[in-house]
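1. sequence and computational prediction follow.
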Amino acid sequence: MKILSYPLSVLHYLIFGSLLLIFHPLQWIAIHCFGHRTHKAIVDFLTLVLTRVLLLTGNLVIFRKKVAIPKDAPLIFVANHQSIYDIPPLIWYLRAHSVRFVGKKELGGGIPSITINLRHNGSVLIDRKRPQDAVPQLEAFGKDLEAKCEAGLIFPEGTRSRNGVPKPFKTKGLESILKYMPNGYIVPVTINNSWKILRYGQFPLGIFNRVTFTTHAPIKIDPNAIEEQMAAVEAIVKSEIILPNRD
């Protein structure tokens, strides 16, 4: 089976990389000539195509929404993190909420299509080597989400799990956001099996996996019980993670 992954991976990277290069100038034109709405439409379409490109390697993406998600309230999606391939499906399937990300500073370093989107959609990029700078950035992010009734997304593990086993949540960043969103909701998200796409590293890609995204019931933020709510969210996210088979 792994032998088949080599030609499929070459095809995947050829198309995936070409899409990033093609959509980069389209985003630039949209930002500077047509505005935010057009830019968002282009990014939404790009992430749809990038999600579908995974089918070339037999990787099927399934998105499940357990209950309706509020549309007229500040939101913070909280998810486990398994792969770079978590990002396009999250943007596409949560497009109604125009999700802005908390990401690492390195993503702002000139990656075609990705960097330009993060820099212009209101996402926040933090330097993990300078955590003291991250707190005010995240507090400002929470204030902005609250004021504009918009949505953000954070991966509290801090870095992706390379084998599907979840890491402990680092809650300081999430706490910095939540305390400035008293009217908002936390939406736990569980991601399964996207780590298998990179189980061999960047090349070849893992093939024929069933990658699932599940949004759980939103939790109204209680400014007086943030620590308890963060613990509850972590438990909810991890409750449906499929652990790798150790046999």
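-> Arrived safely, thanks for sending.
2. going by C-alpha atoms from here, please, whenever you check contacts or count neighbours.
-> Fine.
3. residue ranges with poor pLDDT in the chain?
-> 1, 246-247 (pLDDT under 70).
4. roughly how far out does the lengthiest strand in it sit from the chain middle?
-> Using DSSP state E, we find that the single longest strand of the chain is strand 185-192. Remark: strand 185-192 is offset 10 Å from the chain centroid, using CA atoms, centre = their mean, to the nearest Å.
5. partners of the very next helix or strand once past it, with directions?
-> Downstream of strand 185-192, the first helix or strand assigned by DSSP states H and E is strand 210-215. Applying DSSP bridges, strand 210-215 is found paired with strand 60-65 (parallel), strand 185-192 (antiparallel).
6. buried set for strand 210-215?
-> Buried residues in strand 210-215, defined by neighbour count with 16 or more other CA atoms under 10 Å: V211, T212, F213, T214, T215.
7. hmm, back to that, tabulate the strands paired with strand 210-215 (JSON lines), appending mean neighbour count and distance to V102.
-> Below are the strands paired with strand 210-215 laid out as JSON lines (neighbours: other CA atoms under 10 Å; distance: least, CA to CA, whole Å):
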{"stretch": "strand 60-65", "mean neighbour count": "15", "distance to V102": "21"}
{"stretch": "strand 185-192", "mean neighbour count": "24", "distance to V102": "15"}
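8. sorry, back to before: what does the longest strand of the chain rub up against?
-> For strand 185-192, the external contacting residues (CA atoms under 8 Å, 6 or more residues apart in numbering) are 69, 73-82, 86, 164, 211-221, 233-234, 236-238, 240-242.
9. thinking again about what came up before, so which of the buried residues of strand 210-215 comes closest to V135?
-> Lowest distance from V135 to the buried residues of strand 210-215 (CA to CA) belongs to T215, with 26.3 Å.
10. for H36, see how far away the closest residue to that closest one other than its chain neighbours is.
-> Leaving aside its sequence neighbours, T215 sits nearest to V189 (CA to CA, 6 or more residues apart in numbering; 4.5 Å). Separation of V189 from H36 (CA to CA, to the nearest Å): 26 Å.
11. next: N224.
-> From N224 to H36 the distance is 36 Å (CA to CA).
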